[in-house]
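> structure for this input, please:
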Amino acid sequence: MLETIPVRQGLKRIAGIVREGPASWSRKRGSAYVWGEARADAEDERVVSRLQTPDPYVVTVDAAVAATERVLEGEAGDGFRTPAGALGSGFVLDLEGVSGFFDESRPDSESPRVDVAS
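Residues are numbered from 1 along each chain as shown. Purely as a prediction, here's the structure:
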């Protein structure tokens, strides 16, 4: 049903009406905090990283432009890669307003275990 032209055109019109992002003042004030954890249970190792960025809309545009410039300058090889894979794990730290990439091999506080279905 979604494959018919009238349905597709109607959905595109609806998406065009509601796809406005946050207001300019909100993007200037906004920020995001990212937290990640990786565990290797066999060795009982755990690494935690934290990152603070500007508003997600702002940092997405900045990252896209910066990545494109660096690709055009020949800093990334051929083929598909994530930005970190193509430009290095520190790429995000080069973006304006990004700070606080903390890696802790043995954090003081214990995070709750989360079972992820395979």
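
> what's the single longest helix in this structure?
The longest helix of the chain (DSSP state H) is helix 56-72.

> what helices and strands are in contact with that one?
When contacts are defined as 3 or more Cβ pairs under 8 Å, 6 or more residues apart in numbering; DSSP states H and E, helix 56-72 packs onto helix 83-87. Every C-beta, even on glycine, is put in place using the N, C-alpha and C of the backbone.

> apply 6 Å and report the result again.
Packing partners of helix 56-72 (3 or more Cβ pairs under 6 Å, 6 or more residues apart in numbering; DSSP states H and E): none among the helices and strands.

> mean confidence for that helix?
Per-residue pLDDT over helix 56-72 has a mean of 91.

> kindly export that helix (C-alpha atoms) in PDB.
Included here for helix 56-72 are C-alpha records, laid out as PDB according to Å, rounded to 0.1, in the frame of the first residue of the first chain:
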ATOM      1  CA  PRO A  56      22.000  17.500  18.600                       C
ATOM      2  CA  TYR A  57      20.800  19.400  15.500                       C
ATOM      3  CA  VAL A  58      23.800  21.700  15.700                       C
ATOM      4  CA  VAL A  59      26.500  19.000  16.300                       C
ATOM      5  CA  THR A  60      25.000  16.900  13.500                       C
ATOM      6  CA  VAL A  61      25.400  19.700  11.000                       C
ATOM      7  CA  ASP A  62      28.900  20.500  12.200                       C
ATOM      8  CA  ALA A  63      29.900  16.900  12.100                       C
ATOM      9  CA  ALA A  64      28.500  16.400   8.600                       C
ATOM     10  CA  VAL A  65      30.300  19.500   7.200                       C
ATOM     11  CA  ALA A  66      33.600  18.700   9.000                       C
ATOM     12  CA  ALA A  67      33.500  15.000   7.800                       C
ATOM     13  CA  THR A  68      32.800  16.100   4.200                       C
ATOM     14  CA  GLU A  69      35.600  18.600   4.200                       C
ATOM     15  CA  ARG A  70      38.100  16.000   5.600                       C
ATOM     16  CA  VAL A  71      37.000  13.400   3.100                       C
ATOM     17  CA  LEU A  72      37.400  15.800   0.200                       C
END
